[in-house]
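Trainee: predicted structure and sequence below. I'll ask about it afterward.
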Amino acid sequence: MPILSIQSHVCFGSVGNRAASFLLQRLGFEVWAVNTVQFSNHTGYGTWTGETAAPEMVAHLIEGVLARATPGSCQAVLSGYLGDAALGEAILAAVTRLRKETPDLLYGCDPVMGDRGRGLFVHPAIPTFLTEQAVPAADLLTPNLFELELLTGRTVRTLAEVVAAARSLTAKGPRLVLVTSLRHQASAAHEIEMLAVTPESAWRIATPYLTLEPPPGGLGDATAALFLAHYLKSGDPRRALEACAAAVYEIAQATAARGGRDLALVEVQDLVVKPRRQFTAEAVAQTAA
């Protein structure tokens, strides 16, 4: 079944829909891609050309896509970088419409706002929109640690604090929160973690930390798409976390070997489908929350 992916687009490189659509298709999903911005390249380069799509245009594109689609055929909606908070209204309207046709439609929201070290890199109105409107509407959230703190208004340093912050978001609507690019006080120097949290459980997974210099754009977009795909396939947070971590590690390895500011997705596409190395998620004790 198809996935409606509403994200940014770049002509050069692999971020937003360029990353998500490719990976989702390699994993067997049809993708309806609607672009919220069209830039020459991702903003990590420092300069770029292009523009943000008008909210009306995004709404019209979604309307046109859904007019062609068989009612009830869409399996999930995935949203990422917005560019303008008003674009979020068009996304939520699409989610509301699709849920009338498919009550179990899954809305995965990647709340792209910033990162530690870079800070906030979106319009100041976007955090408010995400916190007040997108979070209650979402089934799945995929924040990094910086975004988790923005969404919850909490400072998190320990694993217990991360679990508690993520679980506070599940109380507002989402059934599942994936915290990406996770480093906390007890993290090993040679590892990077992800954490999948539901109201009842929490699963932690660690993979080797790889130095990616300069930091490439799009790894968070790729992670959100991969986790969504595997969660749709399995319905199991732990299995989705393990499959996602293995694929992300393959991407990170290939990107580190190649260098540059863009993900090595084409080179590693077969390994994303069948990773060479597997990682095991471990349950986080409920007392940690």
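Mentor: Happy to help now that I have it. Numbers count the residues shown, from 1 in each chain.
Trainee: flag the shaky bits of the stretch 101-250 of the chain, pLDDT-wise.
Mentor: Filtered on pLDDT under 70, the stretch 101-250 of the chain yields the residue ranges 117.
Trainee: quick one: the helices in the stretch 151-289 of the chain?
Mentor: Taking DSSP state H, counting those that start in this stretch to define them, one finds helices in the stretch 151-289 of the chain at 159-170, 219-234, 237-258, 265-273.
Trainee: packing partners of the second one?
Mentor: With contacts taken as 3 or more C-beta pairs under 8 Å, 6 or more residues apart in numbering; DSSP states H and E, helix 219-234 sits against strand 3-10, helix 16-26, strand 76-79, strand 106-109, strand 140-141, strand 176-182, helix 237-258. The C-beta positions use only the backbone N, C-alpha and C, and glycine is treated the same way.
Trainee: would you put the C-alpha positions of it in PDB?
Mentor: Taking C-alpha atoms only, helix 219-234 is exported to PDB below (Å, rounded to 0.1, in the frame of the first residue of the first chain):
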ATOM      1  CA  LEU A 219      20.500  10.900   8.000                       C
ATOM      2  CA  GLY A 220      17.500  11.800  10.200                       C
ATOM      3  CA  ASP A 221      15.200  11.700   7.200                       C
ATOM      4  CA  ALA A 222      16.500   8.300   6.300                       C
ATOM      5  CA  THR A 223      16.100   7.000   9.800                       C
ATOM      6  CA  ALA A 224      12.400   8.200  10.000                       C
ATOM      7  CA  ALA A 225      11.600   6.600   6.700                       C
ATOM      8  CA  LEU A 226      13.300   3.300   7.500                       C
ATOM      9  CA  PHE A 227      11.700   3.000  11.000                       C
ATOM     10  CA  LEU A 228       8.300   3.800   9.600                       C
ATOM     11  CA  ALA A 229       8.700   1.100   6.800                       C
ATOM     12  CA  HIS A 230       9.800  -1.600   9.200                       C
ATOM     13  CA  TYR A 231       7.100  -0.700  11.800                       C
ATOM     14  CA  LEU A 232       4.500  -0.900   9.000                       C
ATOM     15  CA  LYS A 233       5.800  -4.300   8.100                       C
ATOM     16  CA  SER A 234       6.100  -5.800  11.600                       C
END
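Trainee: now it and helix 16-26, what's the angle there?
Mentor: 30 degrees (axes from the mean of the first three to the mean of the last three C-alpha atoms, to 10 degrees).
Trainee: and the shortest one, by the same measure?
Mentor: An angle of 40 degrees separates the directions of helix 265-273 and helix 16-26 when computed by the same axes, to 10 degrees.
Trainee: and the third one, by the same measure?
Mentor: Orientation check (the same axes, to 10 degrees): helix 237-258 against helix 16-26 gives 120 degrees.
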